[in-house]
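**Q** Need a 3D model of the sequence below.
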Amino acid sequence: MLSLTAKALSDLGGAFSPERLALAGQMTLLGMGMIFAVLAILWGVLAIFKLIFAKPEKKKAKPAPAAPKAEPVVVPEPVVAPAVTDDAELIAVLTAAIAAYEASLGNEVAPGGFRVVSFRRANGGKAWNSK
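**A** Alright, predicted model coming up:
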């Protein structure tokens, strides 16, 4: 079969002959047409699956519109600055955790060998237990 195709192509003329270019155009259109036909079939199958397997959504009945009420006057509350917290307890807990970790690795930690002066979250992340 391959030899017949090669012979048929060699009979068409030179590398850029009009016959070869016409055959190349036909092959391109045939290939693209098949691709789009298969895509259309897949689209249709997916649409049918959606009709068969999708659960129907319950439509909520809209309540009758109520008579317009007079809106109450909203008084803005004064903005309160957040309270300044003492982070000494948190720093002490962090220091103890680091000391315990170093001790578990077998490293000797001299009393007063290090201290946590400040801390901040890495990459602006949230606390592990916040939701």
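
**Q** can we go C-alpha only for contacts and neighbour counts from here?
**A** Noted.

**Q** what's the pLDDT at Lys55?
**A** Among the per-residue scores, Lys55 shows a pLDDT of 79.

**Q** before we move on, which element is it in?
**A** Using DSSP states H and E, Lys55 maps to neither a helix nor a strand.

**Q** how near is it to Phe49?
**A** Separation of Lys55 from Phe49 (CA to CA, to the nearest Å) stands at 11 Å.

**Q** Tell me which of those two has more neighbours.
**A** A count of neighbours by other CA atoms under 10 Å puts Phe49 above the other of Lys55 and Phe49, at 11 against 8.

**Q** residue boundaries of the strands in the protein?
**A** Using DSSP state E, no strands are found in the chain.

**Q** Scan the helices and strands of it for the one with the lowest mean pLDDT.
**A** Every helix and strand of the chain was ranked by mean pLDDT, DSSP states H and E. The lowest is helix 2-10, at a mean of 60.

**Q** Pull the number of nearby residues for Ala99.
**A** 19.

**Q** should've said Ile91
**A** Here the count is done by other CA under 10 Å, and Ile91 has 16 residues near it.

**Q** Quick check: it touching Ile98?
**A** No. At 10.6 Å, Ile91 and Ile98 do not qualify as touching, with contact defined as CA atoms under 8 Å.

**Q** Can you point out the buried residues in the longest helix belonging to the chain?
**A** Ranked by residue count and defined by DSSP state H, the top helix of the chain is helix 18-53. Neighbour-count burial for helix 18-53 flags Arg20 (criterion: 16 or more other CA atoms under 10 Å).
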